[in-house]
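Chemist: with the input below, show me the fold.
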Amino acid sequence: MEKTMFLNKNWDIGLDENHNLAWTSGKYAVAQNVACACRAFTEDMYFNQEDGIPHFYTDISNSRQINPALLAYYMEREALKFPEVRSAKLGSLSFEDRVLHGDLQLILETGEAINVSI
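Modeler: You can find the predicted model right below:
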């Protein structure tokens, strides 16, 4: 991955010190793109309708209905779509105030391990 747009803490497009669009690369870009992919549901992305987590198979609207193993499978599958990612494993998963939080541990093709907060 050459580079990708840098997203700020609010997941909005960021600007650099010259007020131009900010870009990022390397492991930060991989982590950011994996997090975006794991936060998207199928049919959410205009140009990639089939990418993302299938919402109707993984109903996260009610914490009693969440199947953690199924959600882990879908998130790990999304992470592995990136050629820089050798392996992915969902570590922790929590559901608070209708917001899902998790940590995805990635091993990159370089052998470097990174943690992605979702």
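Chemist: the strands in the protein, which residues?
Modeler: Ranges of strands in the chain, per DSSP state E, are 4-5, 23-24, 85-96, 99-108, 113-117.
Chemist: just checking, what's the longest helix in the chain?
Modeler: For the chain, the longest helix by residue count, based on DSSP state H, is helix 26-39.
Chemist: tell me the angle that helix makes with strand 113-117.
Modeler: 40 degrees (axes from the mean of the first three to the mean of the last three Cα atoms, to 10 degrees).
Chemist: next, format the strands of the chain as a markdown table and append distance to D12, mean neighbour count and mean pLDDT.
Modeler: All C-beta atoms are positioned from the backbone trio N, CA, C, and that covers glycine. As requested, these are exported to a markdown table (distance: least, Cβ to Cβ, whole Å; neighbours: other Cβ atoms under 10 Å; pLDDT from 0 to 100):
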| stretch | distance to D12 | mean neighbour count | mean pLDDT |
| --- | --- | --- | --- |
| strand 4-5 | 10 | 14 | 90 |
| strand 23-24 | 14 | 16 | 93 |
| strand 85-96 | 23 | 15 | 89 |
| strand 99-108 | 18 | 16 | 89 |
| strand 113-117 | 17 | 14 | 93 |
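Chemist: determine which of those approaches A40 most closely.
Modeler: strand 99-108 (12.8 Å; Cβ to Cβ).
Chemist: mind listing what E78 touches?
Modeler: With contacts defined as Cβ atoms under 8 Å, 6 or more residues apart in numbering, E78 is in contact with V34, A37, C38, D51, G52, I53.
Chemist: now swap in N115 and tell me
Modeler: G91, D103, L104, Q105, L106 are the contacts of N115 under Cβ under 8 Å, 6+ apart.
Chemist: make it 10 Å
Modeler: A31, G91, D103, L104, Q105, L106 (Cβ atoms under 10 Å, 6 or more residues apart in numbering).
Chemist: adding distance to N115, write the residues you listed out as JSON lines.
Modeler: Output for the contacts of N115, formatted as JSON lines (distance: Cβ to Cβ, whole Å):
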{"residue": "A31", "distance to N115": "8"}
{"residue": "G91", "distance to N115": "8"}
{"residue": "D103", "distance to N115": "6"}
{"residue": "L104", "distance to N115": "7"}
{"residue": "Q105", "distance to N115": "6"}
{"residue": "L106", "distance to N115": "8"}
